[in-house]
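**Q** the following block contains a protein sequence and its predicted model.
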Amino acid sequence: MLTITDLSVVFPAGNVQALSELSFYVAPGETVGIVGESGSGKSMTALAIAGLLPPAAKAVGEIRFWGRHFVIGVSSNSDWRAIRGSELGILFQDHSTGLNPLLSAGSQVSEVLRFHQQKSKREADNETARLFSLLGLIPAEVRMRQFPHQLSGGMKQRVMLAAAICCRPKLLIADEPTTALDVSIQAQILCLLREQTANAEMSLLLISHDLGVIAQLADRVLVLCAGQLVEEAAVAKLFSNPAHPYTNLLLASVPRLDLPLALNVPVMEDNDEPTNGCGFASRCPERVSKCIYNPPLIRLSDGRKVRCHNRR
Amino acid sequence: MIRLLLNRLWQTAIVLFGVSVITFIIMHSAPGHPLQANPELRLDPTAVERWLELRELDEPLPAQYIGWLSRMFRGDFGKSLIYNRPVPELALERLPATLLLTVPAFLLALGLAISCGTWAALRQGGFVDRLLGLATLAGLSLPSFWLGIILMMLFSYGYPWLPASGMRTAENSSVSDILAHLVLPVTMLVAGSFSYYVRYVRYTVLAVLSQDFIRIARARGFTELYIVFRHVLPNASLPIVTVAALSLPQLFTGALVAEYVFSWPGIGRWIVTSTLARDYPVIMAVNLSAAALVAFSNFLADLLFLLIDPRLRFKA
Amino acid sequence: MRRSMVFVLMIIGFSFLLLNGCQKGQEETNLQVLHVAAPASPITLNPLFARDAGSLEAAALLHPQLLGTNPDTLEVEPRLFASFELQADNLTYLFRLQEGLLWSDGTPLTADDVAFTLLLISHGDYTGWLYPLLRFVDGAEEYRNKRLSPYAQGEISGIRVIDEHTIAIRLKQLHAPFLSYLTFPPLPAHKLQNVKVAEMEGHPSLRNVLVGAGPYLLAAWKPDEYLHVRANPDYHLGKPKIAEIYYRFIPNIEAQVIELLAGKLDLLPTAVKVEDVEMLAADRQISIHKNERLVYDYIAINQKEEGSPLKDKRVRQALAMLLDKDELVTNLLLGNAEVLHGPLLPLHFAFDREFSQEKGSLPAARQLLLQAGHPQFQLKLIFNSGNIIRENVALLFKEQAAQVGIDVQIHALEWEAFLAALTNGDYDLAILGRSADADPDLSFHWHSQGAGNRTGYANEKVDRLLEEGVAVLDKERRSELYRQIQELIVADAPIIWLYTRQAIHAASADLQGFAAHPESLFYNVHLWSLAGREDGL
């Protein structure tokens, strides 16, 4: 069980508010999706949970993870290290640069096992081989001996997935896990993700700008805009009946085959200077005068949460 | 692998031939001959003539070069014109002292540079990093000659703890006596090359640290120390190996300034005096060996690259 | 963990103890050891083939001299030759060796060794520096040209071994300076007879002096480190008082001074910097010694360039007037030199202390230049970079020259480039140093046929007087002749004489009996002693 309370991240140097007072939870076995355009704070959320925020960032907030309590800015690196890699797995987007080019694929998975579970080299290798077969890296013995430059993008992402889940973490954070992959490979990786999390009763925090990906995997979706949670809803409700105009816009910008292309891609303007008001106000088609004040997050009658003056 | 070696050998042979020709031409383009290097020398013209004749220096230059080349092929480096002894003998006489000075200095400088440079990169902008920045700036801008003199003033005169010159007190000197003689010249050498290496190390380590796989290694919960040794340093080692290999020939050609300042009986002083005295066979042998050493170091670096980096291994 | 730390600390502590212990130990057992600094390592210890000052100095420790010269008067003194007399024919010298001379391997040193050495030097394959001195021996030239055997065998008509201790040398004609040439050592015939003369230069037994008869015997020669020698109990002038000498090669003068101050060196010979003298003299443990030398600095004038104003004697005379040499010696050399106006040095018996060129003035120089029709021109002055004194001389000269309308361009050149410029004649003026002979005979530099006359100076009258100068024995007459010669040469203004510098030595105050010779540092080294340092052995 993961609970995030009032997580804020600021980059003082650029006067950028990356996240503001974000709170949410992930239940055991649940898959929570986070969507938002780039810069909305999705990845910051993932880093904050793992205690891996860049040194330039100033952050506050609390995180509870299976009975452990982390206070951002107070808890030390070694506190985080106790969960990273073992109880908390992270899968990043960068399959091309995410593996150490000097080490074989197998050793980069088995080192995680040996580091966290004190397994012998042989035990770790066996476990890695099993995982490789499971993830379709076959023949496993050959793949294990290969080096990153000898593997395709999809295979690299599978290796990284193997490294992230080899210790059977309670929560897997997947940050844009398929973004840089071919469409056919994307589907395979998503499939694997669903299988593995389901089999191991792993919670999954899936971060993506791709609503298609979210729709396939997530039980519940958080929509982030300019560092704020603007909508939270079960996946079906969100897609059928988006409450926030921003969610609307995101849904509308998914290319559709039944409409001419030019019509359905609204121009995403750059966010203006940070204001006290709604972060989406400058682009909002339903903007009203109140929007210069930030609306509170309100719970709608169907259990959804939304941050918009027009939904009261 | 074998092909690489053969290729290199072939290239090296051509380079060495070129070096020998160029050295020979430059060496002989200066007017006069070794006996004229000292203008106050009172030699009878007939004696000079005979001296040149006995050493085949009266022959036309192409004949001299071919003679030298044919002797080289028989493994004969010739005799020093000044010392009248085989060149290899003179070099080997001085090589142990040289290596005794340069190898520890090199290892110490490299070891210190790797540890300090990595530390500074990990704590970029921290106290150690800033201190190091200042120290390397000083180390690079302060002439090593002055540093040597200052060290000598401090530790041989102000606090007379260490000897200021030479390698030992007498033939039967103890190990500790030689070590005491080593301290100051090694310090001077380390100070010089450390500043040079540490900037490289810091820069490369920073470059590696900014790579995604390091961030991901952190996300896998490895400790910093583990990450540094298993992931950062191996990836930073390619440029460091290059720099180290480049300075390898200097281990053999000596550290002239340190040898002069601390009167170390190394090979550098011999090379300089021989060059000034126009000791042709020595100049040829030294230039050729230096070129061969450079080629060998590059080859060694290539081999190390192959060992370290699988990308290169599989390409080859 | 903690235990291993303690262990490491103990090791460090122990090694320091060891270190300190060693230093103390050395001080206690090596009381009779003298440590002398040398700026450069010798190249060979073979005195007949040495071509550098370092080798000659070092060889002097290991070899005796046939004859010596007095350090003050440069008059010839007995050494291995206990007596020497000129026969009635005024051509033949009869030399008697001291009795009981021994090589270090126990073989007697006899007239045969001397004859062998003379044959060796006269041999056609001998490539050392001594042959020009033996040209005057009757038959030496023929022997050299014939080259009958590759070994130093055969006969020179002018050399005759009379008995074990006596040898006669007959000259072609009377040559007054001849005796002063015989300061070289004999070599052991029994060791070298079977070595070809052409191979003698690099021969190991000569390079390393396995058999000697000098004041000291070789213990070890560590190239570029030191020469370690032990007193020769059989030295013919008496066993040296100092048991061992380390002649340490320290190219860095600063290090020499520091080692002297730290008590690790006992003698810095010859090249102490003038600016260090005061500081060193203030130290009670150190005494400063000075002596005159047979060297001088001068400005060479290139007269070979076509159309150069320097071809005009008046221009050269004007140039010679520019520098105030007294000021130079007082301010630049802090008095450790003597002003020089001509080729004779203060050590020469012919030296004339009254002699000085016309005390020049800038207006007089200007007048001369105008007379010569060269009111304004440029000159290129070169010197070897790194020599601070010469650099200052150059600057001073430029300043003075500017006042009479001469634009002097100064070029400080690296040694190699400097030599090349000298050889190619790519200069107008060059600051140089040179050495003079012990005998006032000036032929080497100033006779038109002199081997050292590289400027091409030729004056028939000077030639004639120089030839007369070596053909008479009477000192008074010779003095007169050389003073005349000096007048003539200086009137031609072929070079600008500057000064003759003193050798400045800094020694431990303990060192007694040290009195350097103008030509040899280790003069009478067997009489040196280290007072206050008891013989610990």
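**A** Nice, I can see it.
**Q** when you work out contacts or count neighbours from here on, use the C-alpha atoms and nothing else.
**A** Fine.
**Q** isn't residue C:165 right up against residue C:99?
**A** Yes - here residue C:165 lies in contact with residue C:99, judged by CA atoms under 8 Å, at a distance of 7.1 Å.
**Q** which of the two has more neighbours?
**A** residue C:165 (20 against 15; other CA atoms under 10 Å in any protein chain shown).
**Q** all helices for the stretch 151-300 of chain A, in order.
**A** A:153-165, A:183-200, A:211-217, A:235-240, A:245-252 (DSSP state H, counting those that start in this stretch).
**Q** same check on the stretch 51-200 of chain B?
**A** So, for the stretch 51-200 of chain B - with DSSP H, counting those that start in this stretch - the helices run B:61-73, B:87-122, B:127-141, B:144-152, B:175-209.
**Q** out of the ones you listed, nearest to residue A:183?
**A** helix B:175-209 (30.8 Å; CA to CA).
**Q** helices or strands next to the closest one in the packing?
**A** helix B:87-122, helix B:127-141, helix B:144-152, helix B:233-253, helix B:256-261, helix C:2-29 (3 or more CA pairs under 8 Å, 6 or more residues apart in numbering or on different chains; DSSP states H and E).
**Q** and the average pLDDT for the last one is what?
**A** Helix C:2-29 shows an average pLDDT of 47 in the prediction.
**Q** need the next SSE after it, C-terminal direction.
**A** Heading C-terminal from helix C:2-29, the first helix or strand you meet, by DSSP states H and E, is strand C:33-38.
**Q** mind giving me JSON lines with the helices of the stretch 51-200 of chain B and columns for mean pLDDT?
**A** As requested, these are arranged in JSON lines below (pLDDT from 0 to 100):
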{"stretch": "helix B:61-73", "mean pLDDT": "91"}
{"stretch": "helix B:87-122", "mean pLDDT": "92"}
{"stretch": "helix B:127-141", "mean pLDDT": "85"}
{"stretch": "helix B:144-152", "mean pLDDT": "88"}
{"stretch": "helix B:175-209", "mean pLDDT": "91"}
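**Q** most tightly surrounded among those?
**A** Mean neighbour count (mean count of other CA atoms under 10 Å in any protein chain shown) peaks for helix B:175-209 among the helices of the stretch 51-200 of chain B, with a mean of 21.
**Q** any part of the very next helix or strand once past that one near chain A?
**A** Moving toward the C-terminus from helix B:175-209, the next helix or strand (DSSP H and E) is helix B:212-219. Yes - Helix B:212-219 lies within reach of chain A by CA under 8 Å from any CA of the partner chain, at B:212-214, B:216, B:218-219.
**Q** any low-confidence regions in the chain?
**A** This is for chain A. A:95, A:255-275, A:312 (pLDDT under 70).
**Q** sorry, I should have been clearer: chain C.
**A** Applying pLDDT under 70 to chain C flags residues C:1-31, C:357-360, C:533-537.
**Q** what's the neighbour count on residue C:146?
**A** Neighbours of residue C:146 (other CA under 10 Å): 10.
**Q** the one 5 residues further on too?
**A** For residue C:151, the tally of surrounding residues (other CA under 10 Å) stands at 21.
**Q** check contacts around residue C:407.
**A** Neighbouring residues of residue C:407 by CA atoms under 8 Å, 6 or more residues apart in numbering or on different chains: C:376-379, C:398, C:401.
**Q** just the ones in helices from these, please.
**A** If you go by DSSP state H, the contacts of residue C:407 have C:398, C:401 in helices.
**Q** what's the helix or strand for whatever residue of the stretch 51-200 of chain C ends up closest to chain A?
**A** Of the residues in the stretch 51-200 of chain C, the one nearest chain A is residue C:54, at a distance of 58.0 Å by CA to the nearest CA. Per DSSP H and E, residue C:54 falls inside helix C:53-62.
**Q** what's the angle between that helix and strand C:33-38?
**A** Angle of helix C:53-62 versus strand C:33-38, following axes from the mean of the first three to the mean of the last three CA atoms, to 10 degrees, is 160 degrees.
**Q** so which bits of helix C:53-62 are buried?
**A** C:54-62 (16 or more other CA atoms under 10 Å in any protein chain shown).
**Q** tell me which two of those residues sit farthest apart.
**A** So, the buried residues of helix C:53-62 by CA to CA: farthest apart are C:54 and C:62, at 13.3 Å.
**Q** buried set for stretch A:289-297?
**A** A:291, A:294-295, A:297.
**Q** tell me which of those is nearest to chain C?
**A** residue A:297 (57.9 Å).
**Q** quick check: phi and psi on that closest one?
**A** phi -80, psi 120 (degrees, to the nearest 10).
**Q** any idea how far it lies from residue A:310?
**A** Distance, residue A:297 to residue A:310, using CA to CA, to the nearest Å: 12 Å.
**Q** can you list the residues of helix B:212-219 next to chain A in JSON lines and add pLDDT, neighbour count and distance to chain C?
**A** Listed next are the residues of helix B:212-219 next to chain A as JSON lines, based on pLDDT from 0 to 100; neighbours: other CA atoms under 10 Å in any protein chain shown; distance: CA to the nearest CA, whole Å:
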{"residue": "B:212", "pLDDT": "88", "neighbour count": "19", "distance to chain C": "37"}
{"residue": "B:213", "pLDDT": "90", "neighbour count": "22", "distance to chain C": "35"}
{"residue": "B:214", "pLDDT": "90", "neighbour count": "22", "distance to chain C": "32"}
{"residue": "B:216", "pLDDT": "88", "neighbour count": "23", "distance to chain C": "34"}
{"residue": "B:218", "pLDDT": "88", "neighbour count": "20", "distance to chain C": "29"}
{"residue": "B:219", "pLDDT": "87", "neighbour count": "25", "distance to chain C": "32"}
